[in-house]
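Visitor: Provide a 3D model corresponding to the input given below.
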Amino acid sequence: MPVSSLLAPICRKPAGSYMPETTWLLYAENAPAPLCRKVIGSYVPEDDTSVLPRFRTGVLAGERFVPGPHRYNLCLTDRPRGRLDLPFISPFFYQPGVTMSTGPEIRPLTGLRGIAALYVMAYHYTIGLGYSSHAATLMSHGYLAVDLFFCLSGFVMAISYAHMFEGSWTRTKYFRFIGRRIARVYPLYLVATLAAFVLILAGGLAAPASSPLTLVRNVVLNLTMTQTWGFADSFDGASWSLSAEWAAYLIFPILLVPTLQRRPSVAWLTVGACMAIVALLPALKGFAGDRNEAHALLDIFEPNLALPVLRCIAEFTMGLVAYRIASTRAGRWLSHSRWAAPAVLTVMIAMLTVADADAAIVTMFVACLIAMSSESNGPARWLSSPLPQLAGRLSYGIYLTHLLFSGLVSATYARAQALGLTHAHTYGAVAGILATLIASSLLYANVEVPARRALRHLFDRWNSTYLAVGSAPHVRTQD
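Guide: Residues are numbered from 1 along each chain as shown. Below you'll find the predicted structure:
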């Protein structure tokens, strides 16, 4: 069937005339009716980093192409040579000749997320090494993997959802976005939080003493993911970052305005302000009376003054700007260069071995995300290999559950020490790692994926029934 026949029923200008097929992307998600959006502001769904279709080589040479049996079907025809547009490119800063990953997902970012989850787990299982050597400093900087998560989240949210709020945004769009985020993060968060609460009651996890009324209050705050907003500690030690990121999701459309929807100078001023906030966080940490390691300058997770939320929003915004930079020729050069991307990673890893370089390392995360946005360089291809991809799939479960096994780690360590075994701490760490990997695998298959699909279907039905009655898909003409 010719592409024009596919486009004809739904691609119309407001006046009713058909748009040329060369200017449109057709995407059909599991929705009541197919949606049609032009190349600038094209409609693409979110499934972690699974956002772009796999095109045959001929497409980039401008050849015609009929959608194949891919999960995300896009009709792309008669495109200029070498041009593959990002899902959201504002006319204020768009530059032709832009490309990112051409696979069904940006696989290097999935692998990077997996490595970051393993890194933060290794950090928590080896806490106490200090900063006495470069190797110890490298491990002690593992908490910065959470900062990488924040930046990566902003980058992926821009890819997946920025198009929804282009030009204007409505209640329907906003609640669709919020519903998708709840479906993605809440099921596993709820399971981990309830498990942590049970372990606290059973004495398997430490928790500050509190009155029954305070305990009920903390339960409500933890279940609504608002505890880190200056109110209470998290039951699951790792879930504070989900609470902080939930705040970023709620104001996501507002964050898009200075980062993606205004002139480049506004975006640069915004990212500069965010970097300044990150640099000032250690001083604010001391002012708030934070009890953490002095050299872990950005290890801010206690709810005092809602500083974790400030930390998250600043770095989430940096991820949004990283997406904008990645859509330029300079960003494409960085991700496709054979030496630039490896150089960025080498510098970043070297900085992780230097004490008190925390804020500078977070700044390097922006360059790292841009460099890993394509599979055209060696490190990105390695991150696209099976093991990093498996870690990426399990990363959310690894991150949320690994601290639940701290009691197992301590018990194994004590038992190994009682038996006179050398490196008793290693036995504890290995026990925790194995338990975490098993638990995250089971939760991914039986909770995370099924619950996400069910909730997305539920929210989509609710959105279409109660919020989008009488409305039609928004179609814009070519600028």
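Visitor: what number of residues lie near Y427?
Guide: Number of residues near Y427 (other C-beta atoms under 10 Å) recorded here: 18. Every C-beta, even on glycine, is put in place using the N, C-alpha and C of the backbone.
Visitor: list of residues touching the helix or strand hosting it?
Guide: Applying DSSP states H and E as the criterion places Y427 in helix 424-443. In this structure, residues lying in contact with helix 424-443 by C-beta atoms under 8 Å, 6 or more residues apart in numbering are 121-122, 125-126, 188, 191, 394, 396-398, 401-402, 404-406, 408-417, 421.
Visitor: V354 reaches T137, doesn't it?
Guide: Yes. With contact defined as C-beta atoms under 8 Å, V354 and T137 form a contacting pair (6.7 Å).
Visitor: more neighbours: these two, which one.
Guide: Each of V354 and T137 has its neighbours counted (other C-beta under 10 Å); T137 has more, 19 against 15.
Visitor: check the spacing between the more buried one and A355 real quick.
Guide: Look at T137 and A355: by C-beta to C-beta, to the nearest Å, they are 5 Å apart.
Visitor: what touches both of these two?
Guide: Y131.
Visitor: for the stretch 151-300 of the chain, what are the low-confidence residue spans?
Guide: Across the stretch 151-300 of the chain, the ranges flagged by pLDDT under 70 are 209, 288-294.
Visitor: which residues in it form helices?
Guide: With DSSP state H, counting those that start in this stretch as the criterion, the stretch 151-300 of the chain has helices at 171-202, 212-223, 240-250, 252-260, 264-287.
Visitor: can I assume Y323 sits in a helix?
Guide: Yes. Counting by DSSP: H, G, I helix; E, B strand; the rest coil, one finds Y323 located in a helix.
Visitor: ok, it - contacts?
Guide: When the contact criterion is C-beta under 8 Å, 6+ apart, the partners of Y323 are 86, 154-155, 158-159, 162, 260, 369.
Visitor: so which of those wins on neighbours?
Guide: Once you tally neighbours by other C-beta under 10 Å, G154 ends up highest among the contacts of Y323, having 30 neighbours.
Visitor: which residue is the nearest non-sequential neighbour of that residue?
Guide: Once its chain neighbours are removed from consideration, G154 has its nearest residue in G319; the separation is 2.4 Å (C-beta to C-beta, 6 or more residues apart in numbering).
Visitor: so that neighbour is in which element?
Guide: Here G319 is covered by helix 307-326, with elements defined by DSSP H and E.
Visitor: now do that helix, average pLDDT.
Guide: Per-residue pLDDT values across helix 307-326 average out to 97.
Visitor: tell me which residue lies nearest the centroid of the chain.
Guide: Centre of the chain computed as the mean C-alpha position; nearest residue by C-alpha atoms, centre = their mean is S153, 2.4 Å away.
Visitor: does that residue touch A248 like I think?
Guide: Yes. Taking C-beta under 8 Å as the definition, S153 is a contact partner of A248 at 7.4 Å.
Visitor: find the residues that touch each one of these two.
Guide: Overlap between the neighbourhoods of S153 and A248 consists of F316, taking contacts as C-beta under 8 Å, 6+ apart.
Visitor: and the residue lying closest to G204 once chain neighbours are set aside, what does it touch?
Guide: Nearest non-adjacent residue to G204, counting by C-beta to C-beta, 6+ apart: G407, 4.4 Å away. Shown here is G407, whose contacts under the criterion C-beta under 8 Å, 6+ apart are 199, 204-205.
Visitor: equivalent analysis for T228, please.
Guide: 234, 240-241, 243-244, 301, 303, 306, 308-309.
Visitor: which of these lies closest to L255?
Guide: Within the set of these, V309 lies nearest L255; the separation is 13.0 Å, counting by C-beta to C-beta.
Visitor: surely that closest one is in contact with A244?
Guide: Yes. Counting by C-beta under 8 Å, V309 sits close enough to A244 to count as a contact (4.7 Å).
Visitor: neighbour count: these two, which is higher?
Guide: Each of V309 and A244 has its neighbours counted (other C-beta under 10 Å); A244 has more, 28 against 22.
Visitor: who's in contact with the more buried one?
Guide: Residues touching A244, when contacts are defined by C-beta under 8 Å, 6+ apart, comprise 150, 228-229, 308-309, 311-313.
Visitor: with adjacent residues omitted, what lies nearest to S243?
Guide: Closest residue to S243 in three dimensions, ignoring its sequence neighbours and counting by C-beta to C-beta, 6+ apart: T228, at 3.8 Å.
Visitor: phi, psi for the one you found please.
Guide: Comment: the main-chain dihedrals of T228 come out as phi -80, psi 0, following degrees, to the nearest 10.
Visitor: then T226?
Guide: Residue torsions, per degrees, to the nearest 10, at T226 are phi -120, psi 10.
Visitor: burial count for it?
Guide: Each residue near T226 was counted by other C-beta under 10 Å, and the total is 17.
Visitor: so it sits against W246, correct?
Guide: Yes. With the criterion set as C-beta under 8 Å, T226 and W246 qualify as a contacting pair; they are 7.4 Å apart.
Visitor: and the contacts of A244, which two are the farthest apart?
Guide: Farthest-apart pair in the contacts of A244 is F150 and W229; separation 15.5 Å (C-beta to C-beta).
Visitor: the two: which is more packed in?
Guide: Higher neighbour count among F150 and W229: F150, with 25 against 17, using other C-beta under 10 Å.
Visitor: what distance do you get for the nearest residue to the more buried one once chain neighbours are set aside to T422?
Guide: In space, and not counting its chain neighbours, F150 is closest to E315: 3.8 Å by C-beta to C-beta, 6+ apart. The gap separating E315 from T422 is 40 Å, by C-beta to C-beta.
Visitor: between those two, tell me which one has more neighbours.
Guide: When neighbours are counted by other C-beta under 10 Å, E315 and T422 differ, and E315 comes out ahead with 30 against 8.
Visitor: so what's the residue count around G420?
Guide: 7.
Visitor: for stretch 153-169, what is the spacing between the initial and final residues?
Guide: 21 Å (C-alpha to C-alpha, to the nearest Å).
Visitor: what are the boundaries of the strands in this structure?
Guide: In chain order, the chain shows strands spanning 24-27, 35-38, 74-75, with DSSP state E as the criterion.
Visitor: what sits against M351?
Guide: M351 neighbours (C-beta under 8 Å, 6+ apart): 357, 360-361, 364.
Visitor: no wait, A359
Guide: Taking C-beta under 8 Å, 6+ apart, we find A359 in contact with 275, 278-279, 281-282, 297-298.
Visitor: reformat these as CSV; add distance to A117 and neighbour count.
Guide: Converted to CSV, the contacts of A359 look like this (distance: C-beta to C-beta, whole Å; neighbours: other C-beta atoms under 10 Å):
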residue, distance to A117, neighbour count
M275, 25, 20
V278, 22, 22
A279, 26, 17
L281, 23, 24
P282, 25, 20
L297, 22, 23
L298, 18, 23
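Visitor: of these, closest to T214?
Guide: Of all those, T214 sits closest to L281, with 27.8 Å by C-beta to C-beta.
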